[in-house]
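# Fold the following and give me the result.
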Amino acid sequence: MRRVCNYFSFLLLNYCAFPDNDRVIVGRTHAKNEFEVIHQWHFLNYTWPTSLTYNYAFNNIHYIPENNAPTGIKIYGGKIFLSIPRFRPGIPATLAYVSMIDGGTRTNELLQPYPNWELNINRNCEALQSVQSMEIDRQGYMWVIDGVRINEETQCPAKLLILDLKNHGRMVHRHIFPNEIALAKGGFLNDLVLDDVGGGYAYITDNSAIDPGLIVYSLKKDRSWKLRDPRMFAEPQAADFIVNGIPTTNLSPIDGIALSPSRHNKEKELFFCALTGLNLYSIDTSVLRNESMSRSDQWRKRINLIGQKESQSDGLIIDSSGNLYYTLLPLNGIGRWNIKTPIATSEIIFKNDKTMIWPDTFAMDEKGYLYVISNNINQFINPNFKVVITDEVKFRIFRYFTGTKSYMY
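Numbering: from 1, shown residues only. Sure thing, here's the model as predicted:
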């Protein structure tokens, strides 16, 4: 009956909210520091312009409900922005948002394509094609990396768009990555951080199985270059881990990325790790911004091995106090380590084997909250895994009070 309700709800442009008895359990925390679920979904649906638009998309498999899954998350202006990469067919919008809420948990909230449907048209190289992540700078500009190119859903080159959130998402800049930087077929721009020095830089991880590496983009020069090193590759000894009963056997390279906050007279550090890996590395950003050095072997000597995390990780983020938060995939949890201390002082601050299934990406707001999305994405990225709509909550957004802001402050 619930399955029927799911599909008839689409025709009504509404949704069915099923009761969720999952309880978030947090140890060693007090009330305001609990990881609370503020949004959850059994499946994703959108605010369609008309019922005719919806019916056409549904009947012509432009919208396949069970194939939609969110990955990236960012917060700005009372909105929670989400990316929905086109890992599978039937994804009508790859960038969308829902509204922030003051209390309680919202279930199956409809997503609003951002900035509009037109910029989300599939197979149109002028539009967003497959977005894994994005970042928002202090001026209210969203930097969007449109570079998931691991299937036949698009043949467009990878690109970076900058959208003005204070002006209804108006596009103010576009950079097309050369194929030798980000492959139009086989590239996987995964995550990014922003550095406000020198006119603005973005540091981007390319999780490509063919050509992994770390991409540097200079807004002032409107130019990008790429650094490649074996320490950005997958670590075979960290392969074959299990998340929610599903083995992960792919050797996935550089993925997580985090930037240290500004410090007077001290260069910022960029931290990175492979998804299939335990080691955490860092490098001074002055090295990354030196394009001529990137063409030599000298920059590789500046990579520092920090140490090992408790398990394999996907997303990373550093707050304004230097706390690095990282996801712990097979442990269904979140870790924290202050970068001013030895990594041995790291701790697991949250674990839940029922609700924190594949914690993916982080975000922070200006009110002192950290957000993380869990999304079972290992089911969706594997084309051979059959995904169906059930009573199970597949996607959750957690919020956790830290009293700090992001690395940009």
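# residue ranges with poor pLDDT in the stretch 201-350 of the chain?
Along the stretch 201-350 of the chain, the parts satisfying pLDDT under 70 run over 264.
# residue boundaries of the helices in it?
Using DSSP state H, counting those that start in this stretch, the helices of the stretch 201-350 of the chain run over 285-288, 291-294.
# any idea whether the spatially closest residue to residue 210 that is not a sequence neighbour is helix, strand or coil?
Distances taken as C-beta to C-beta, 6 or more residues apart in numbering place residue 186 nearest to residue 210, at 4.2 Å, with adjacent residues excluded. Bear in mind the C-beta positions are built from the backbone N, C-alpha and C, glycine included. With DSSP: H, G, I helix; E, B strand; the rest coil as the basis, residue 186 sits in coil.
# hang on, residue 186 packs against residue 206?
No: shown here, residue 186 and residue 206 do not form a contact pair, counting by C-beta atoms under 8 Å, at 10.0 Å.
# Looking at these two, which one has more neighbours?
A count of neighbours by other C-beta atoms under 10 Å puts residue 206 above the other of residue 186 and residue 206, at 29 against 15.
# hang on, the more buried one packs against residue 213?
Yes: Residue 206 is within contact range of residue 213, at 5.2 Å (criterion: C-beta under 8 Å).
# Now for the two: what residues contact both?
Residues touching both residue 206 and residue 213 (C-beta atoms under 8 Å, 6 or more residues apart in numbering) are 226, 254.
# Just checking: what are the partner strands of the helix or strand harbouring residue 399?
Assigned by DSSP states H and E, residue 399 belongs to strand 395-401. Partners of strand 395-401 in the sheet, by DSSP bridges, are strand 36-41 (antiparallel), strand 369-374 (antiparallel).
# Render the CA-only coordinates of whichever helix or strand comes after the first one in PDB, please.
Following strand 36-41 in sequence order, the next helix or strand is helix 51-59 (DSSP H and E). In PDB, the C-alpha atoms belonging to helix 51-59 read as follows (Å, rounded to 0.1, in the frame of the first residue of the first chain):
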ATOM      1  CA  SER A  51       1.200  18.300 -13.500                       C
ATOM      2  CA  LEU A  52       1.600  18.000 -17.200                       C
ATOM      3  CA  THR A  53       5.300  18.600 -16.900                       C
ATOM      4  CA  TYR A  54       5.600  16.000 -14.200                       C
ATOM      5  CA  ASN A  55       3.500  13.400 -16.100                       C
ATOM      6  CA  TYR A  56       5.600  13.900 -19.200                       C
ATOM      7  CA  ALA A  57       8.900  13.500 -17.300                       C
ATOM      8  CA  PHE A  58       7.600  10.500 -15.400                       C
ATOM      9  CA  ASN A  59       6.100   8.700 -18.400                       C
END
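# So for stretch 205-224, what gets flagged as buried?
Buried residues in stretch 205-224, counting neighbours by 16 or more other C-beta atoms under 10 Å, are found at 205-208, 211-219, 224.
# Tell me the one among these nearest to residue 281.
residue 214 (10.1 Å; C-beta to C-beta).
# The nearest residue to the closest one once chain neighbours are set aside and residue 363, how far apart?
Using C-beta to C-beta, 6+ apart and skipping the chain neighbours, the partner closest in space to residue 214 is residue 227 (4.7 Å). With the distance defined as C-beta to C-beta, to the nearest Å, residue 227 ends up 26 Å from residue 363.
# repeat for residue 96
From residue 96 across to residue 363, the span is 15 Å (C-beta to C-beta).
# Please apply the same query to residue 230.
Distance of residue 230 to residue 363, computed by C-beta to C-beta: 31 Å.
# Those two: who's more crowded?
The neighbour comparison of residue 230 against residue 363 (other C-beta under 10 Å) goes to residue 363, with 25 against 7.
# what about the residue nearest to residue 214, how many neighbours?
Using other C-beta under 10 Å: residue 227 sits among 20 other residues.
# neighbours around the closest residue to residue 216 other than its chain neighbours, how many?
Excluding its sequence neighbours, the residue lying closest to residue 216 (C-beta to C-beta, 6+ apart) is residue 288, at 5.0 Å. For residue 288, the count of nearby residues is 22 (other C-beta under 10 Å).
# and what of residue 155?
11.
# Next one: it relative to residue 266, how far apart?
According to C-beta to C-beta, residue 155 stands 44 Å off from residue 266.
# What of residue 72?
From residue 72 over to residue 266 the distance is 29 Å, taken as C-beta to C-beta.
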